[in-house]
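Q: Everything below, folded, please.
(chains A and B)
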Amino acid sequence: MAQAEMSTDSDLTTADQYLTFQLGAEEYGLEILKVREIIGMMKITAVPRTPEFVLGVINLRGNVIPVIDLRRKFGMEAVEQTEETCVIVVDVGGLETGIVVDRVSDVLDIGASSIQDAPSFGAAVDTDFILGIGKTEGRVTILLDIGQVLSSSEIAGLEEISAAMDKHSDADEQHPAEGDAEPIEDATEGE
Amino acid sequence: MSQAESKCVASLQSVEELLTNAASDDREAVLQAGVSLEEVAHQLPGDAPGVEKLLGLALDTLQAVYTGEQPFEPALNLISEAVVAIVAHLTSDGEGDAEAIDCASDGLRKLLAGDSDSSPSDGEDAHSSTEPHCIESSIEDRLSVLVGLEPEDVPELANLAAWLIEQAESPEVNEEIRAHAQRAEQLIRSVLEGEAADPGQALDEAAAQLHSMTLSGGDGSSDPGCDDPDGERTPPPDNEPDGGPLCLEFEGDPVLIGEFVTESLEHLEAAEIGMLSMEADPNDREAINAIFRGFHTVKGTAGFLGLAHIQTLAHHAENLLDQVRNGSIELTGHYADLALASLDMLRRMLEDLHRWEEGDLPPPPPGYNRLIELLEAPEDHGTDSPPDVPRAQKCAPEDDETTASEQSAEGGTWTPGTDGDRRVGSTRVRTDRLDALINMVGELVIANSMLAQDEELRNAVGQEVERKIDQISKITRELQDVSMSLRMVPLKGTFHKMARVVRDVARKSGKQIELVTDGDDTEIDRNMVESITDPLMHMVRNAADHGIEPPEERRAAEKDPTGTITLRAYHSAASVVIEIADDGRGLDRDRIYDRAVDAGEIEAGAEVSDEEIYRLIFSSGLSTAKEVTDVSGRGVGMDVVRRNIETMRGRVDISSESGRGSTFSIRIPLTLAIIDGMLMRVGEERYILPTVSIQQAFRPRADDLRTLASAAEMVRFRSEMIPLLRMNDLFGIESEAEDLGQDIAVVVEREGERFALLVDELLGQQQVVIKTLGEGLADAETVAGAAILGDGSVGLILDVDSLIRVAQNVQRGQAGDSRCAV
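A: Alright, predicted model coming up:
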């Protein structure tokens, strides 16, 4: 299977490229075409009376753009900022927004054939913001529809999804590889 | 040489000059040349078929250049040659120049036929054979000619009839075409012989027949008429002019159409100004010429682009105006209404067209046919009868019927205060590019100030570098000034709209009102023009409708029966002030007072200053009550007016004297893009408060504070107690000073009420460029926008209005758990 994926890589275009980043233990991917740039953390001006996940606004070369904390958006615990914490500036429909992530990992080529539909969890858990589950070289990446992520007001139950997904993918595919969700910890820090 | 001929020669020479000097992408010049040539074609004495043919070819070529089918270079040269040849012909009275004409015709023909070498060099039946859809386009040529013709244009009609017979007899055409041609020919014949009951309508029907010919035609291969002896007009082959209100298929270039719409709207605006001043002075030759020119250009260009409905209407209006021009009627009363109605209709059609993207052309608005009928026989309705014209009015929606029945002396007149006809060259620039430029300049200003204020740099380098930095700073400032001025437009256009409002109200209510404008070249940010127009229109209408008394009442009060409304604009500091002054009856202080007491706005017997009383007309509680409108005379939607103006960070002041009139002054900032702000610190955060909303700042002492049982804190400001809002509490910011001694109370006003905002420190005043927070945060309460501060970080600009609203809600929420007791 891995070989098969490798062989299709030559046909891949930038549309199949995903920027992966980490939030806690999970690896997520964003369509590279939606990514404008990656910048280090800078002083964020808090905007009063906005939702908690809105960290505030920054000056991106003269444009004031909002910055959101993806951890808070996903209802995850806050962590200390590290040197690797950074802001990915995404462009959704001409609107630039910064999202704060723990660490940017890699750019992965994931062909359409290696992407599974997001598992359905019934009405309780909204999976609209997941483009699909990418699997390459034994890595499982949750590919986010960042437009949906930003436009939905609340996203909960994400951990459930990722937990369920691991099982789902294991069952689905007799191709366990060593520590399929874990190797992200050792992923290269491609900034 | 006849007078007409010398006029032709003059226009031809200017066309020649125009073409020779035209840049290789100057389509405007091409268009202008086309319009002039068309005019020449109209005026040419009909005794030189060669010349007419050549003109037709030149127009065809111009059209091809305009639509991009032909490159500019060779085509324009050939046209210039053709024009020169025609001039030579005209000046030499037709002697010995046939060769030049033929030569020029050949050149153009070859060019139009493309690379094919099959164009015959001469002869009546010449170049048609290579063009498969020649018959179609020649019918269209005829059709557009016909649309422009009047029953009196006997020679042209006869020409057309002859051509139609030729068509009907031609063996190449199909039955359908033949039938249409015959029918059209009969109609035209009936007009020529004076048998038609309604010649105008007969011609319209004939046009419809011709139109049908284009629909069913296209297969005729040989068309003797392609050498169009009177083909003045050359609509693009991809449109179908029509006499009736049909949806037409149309494939124009949206860019061309867009340009046409913008330009035509400008022409119409100029014409409207002309009409209004004509009403004041019916003998204003200058004005009638301007109006005529406006309609004429719209007609010509519409014809050029194949917009038949617009062309037809413009044409009819032009006929009316022509009668005005030659003195047979005066542009007052009914005729003025009619002309204005045509103008509104054209405007409406242009606006429809502007929204048009592709596919069918928008159908003419309702009332189009009726208006055309009225225009065809304007005199039928007499000067004193109300014109039953549906108004297609956008600018004054509340006013869509005209019931004027006054003599021409009544009605609004308009006297422009400054006669600004100084023309400066201008260029159209797309707004987004302009905005981008201004944005970049804003960035440059910030970057520059970061550089200039960098202490380290200043200390490290010598005086030489410092001087250079100063130089850059100076240039940057000037650049900023210039770039800001790019957005500025004069208020003239807005004031002109007001002239129309006054005129309509006066006409409707039978009052005599003169509008005097002053300072209409005062400039404001173009983004604000739209926002100011509505409130202004409302106030002007109020002044005309309620402020100015009817003539009898004015006479009884020993005033000039003609009321005067003065619109005045001027710059004052960083603001623009617009005054609307009327010499009418003034605000009725007592009535407003009574009403306000009834509405519970004030307590009976309370001492209230005039200013506060007048302010009450803006309060929604009063203004929505209908009786107030009738009694006090003002008020419908005045609260909306005030809100609109406050949104622009402006305010309205009122002064009034009973029996002498009222003055409303609107004070708005020059631009919405830059504000004067006070930078203040709350904890670690910095905020900007627009300086205009700050009344005063002071350092309160502990014994100035009172806490009410409801948990609301008050602070003594001068002799009154005003609510105190602690910014750190409101925004949930840690602030070092609960200790009041260091804090500053900033006094702001909202709807006449004062509030004090408690901040840690005032950091100073500075001009900032307002940026939006980005759409994601567009609805963030309390924040009006953001600005990049000198150090490159973002500072939030507070919105006083919502800040106080939010604070009040918070306080209400806290009312139970008061933080301290009295």
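
Q: Tell me which helix or strand in chain B has the weakest average pLDDT.
A: helix B:626-632 (a mean of 38; mean pLDDT, DSSP states H and E).

Q: isn't B:Ser473 right up against B:Met450?
A: No: in terms of C-beta atoms under 8 Å, B:Ser473 does not count as a neighbour of B:Met450; the distance is 11.2 Å. Glycine gets a C-beta too; all of them are placed from N, C-alpha and C.

Q: Next SSE downstream of the least confident helix or strand of chain B?
A: Per DSSP states H and E, the first helix or strand lying C-terminal to helix B:626-632 is helix B:638-647.

Q: quick check: mean pLDDT across the very next helix or strand once past that next one?
A: Under the assignment DSSP H and E, the closest C-terminal helix or strand after helix B:638-647 is strand B:651-657. Strand B:651-657 shows a mean pLDDT of 86.

Q: what packs against the top helix by length along chain B?
A: Longest helix in chain B, counting residues (DSSP state H): helix B:254-280. Using 3 or more C-beta pairs under 8 Å, 6 or more residues apart in numbering or on different chains; DSSP states H and E, the elements in contact with helix B:254-280 are helix B:285-305, helix B:333-355, strand B:411-415, helix B:492-509.

Q: So which bits of the last one are buried?
A: By 16 or more other C-beta atoms under 10 Å in any protein chain shown, the buried positions in helix B:492-509 come out as B:492, B:494-509.

Q: Please apply the same query to the second one.
A: By neighbour count on 16+ other C-beta under 10 Å, the buried set for helix B:333-355 is B:333-354.

Q: Report the distance from it to the chain centre.
A: From the chain centre to the centre of helix B:333-355 is a distance of 13 Å (C-alpha atoms, centre = their mean, to the nearest Å).

Q: interface residues of chain B facing chain A?
A: Applying C-beta under 8 Å from any C-beta of the partner chain, we find that chain B lies next to chain A at B:439-440, B:442-443, B:446, B:685, B:730-732, B:771-777, B:780-783, B:786, B:788, B:792-796, B:806.

Q: Output the helices and strands packed on helix B:254-280 as a markdown table; include the columns distance to B:Pro723 and mean pLDDT.
A: Below are the helices and strands packed on helix B:254-280 laid out as a markdown table (distance: least, C-beta to C-beta, whole Å; pLDDT from 0 to 100):
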| stretch | distance to B:Pro723 | mean pLDDT |
| --- | --- | --- |
| helix B:285-305 | 57 | 79 |
| helix B:333-355 | 48 | 82 |
| strand B:411-415 | 47 | 50 |
| helix B:492-509 | 38 | 85 |
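
Q: circling back: tell me the angle the longest helix of chain B makes with helix B:333-355.
A: When axes from the mean of the first three to the mean of the last three C-alpha atoms, to 10 degrees is applied, the directions of helix B:254-280 and helix B:333-355 differ by 160 degrees.

Q: Between helix B:492-509 and helix B:254-280, find me the angle.
A: 50 degrees.

Q: Could you give me the buried positions within helix B:254-280?
A: So helix B:254-280, judged by 16+ other C-beta under 10 Å, has buried residues B:256-257, B:259-261, B:263-265, B:267-280.

Q: Stretch B:656-672 now?
A: Buried residues in stretch B:656-672, defined by neighbour count with 16+ other C-beta under 10 Å: B:656, B:661-672.

Q: Stretch B:576-594 too?
A: So stretch B:576-594, judged by 16+ other C-beta under 10 Å, has buried residues B:576-589, B:592-593.

Q: Quick check: strands, which of those residues are part of them?
A: Among the buried residues of stretch B:576-594, the ones falling in strands (DSSP state E) are B:Val576, B:Val577, B:Ile578, B:Glu579, B:Ile580, B:Ala581, B:Asp582.

Q: Could you export these as a markdown table, including distance to B:Asn159 and pLDDT?
A: Below are those laid out as a markdown table (distance: C-beta to C-beta, whole Å; pLDDT from 0 to 100):
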| residue | distance to B:Asn159 | pLDDT |
| --- | --- | --- |
| B:Val576 | 58 | 86 |
| B:Val577 | 61 | 91 |
| B:Ile578 | 57 | 92 |
| B:Glu579 | 60 | 93 |
| B:Ile580 | 57 | 92 |
| B:Ala581 | 59 | 92 |
| B:Asp582 | 58 | 91 |
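
Q: Distance to B:His315 for these - can I get that in CSV?
A: As requested, these are exported to CSV (distance: C-beta to C-beta, whole Å):
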residue, distance to B:His315
B:Val576, 41
B:Val577, 44
B:Ile578, 39
B:Glu579, 42
B:Ile580, 38
B:Ala581, 42
B:Asp582, 40
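
Q: Out of the residues you listed, which is nearest to chain A?
A: Nearest to chain A out of those is B:Val576 (C-beta to the nearest C-beta; 27.0 Å).

Q: need the contact list for the closest one.
A: By C-beta atoms under 8 Å, 6 or more residues apart in numbering or on different chains, B:Val576 lies in contact with B:Leu491, B:Thr522, B:Ile524, B:Ala569, B:Tyr570, B:Arg667, B:Ile668, B:Pro669, B:Leu670.

Q: Would you mind confirming that B:Ala569 makes contact with B:Ile532?
A: No: using C-beta under 8 Å, B:Ala569 makes no contact with B:Ile532, being 10.0 Å away.

Q: neighbour-wise, which of these two wins?
A: The residue with more neighbours, out of B:Ala569 and B:Ile532, is B:Ala569; 24 against 21, by other C-beta atoms under 10 Å in any protein chain shown.

Q: So which bits of the host helix or strand of that one are buried?
A: Assigned by DSSP H and E, B:Ala569 belongs to strand B:563-572. Using 16+ other C-beta under 10 Å as the test for burial, strand B:563-572 gives B:Gly563, B:Thr564, B:Ile565, B:Thr566, B:Leu567, B:Arg568, B:Ala569.

Q: wait, the first one sits on B:Arg554?
A: Yes: checked against C-beta under 8 Å, the pair B:Gly563 and B:Arg554 is within contact range at 6.5 Å.
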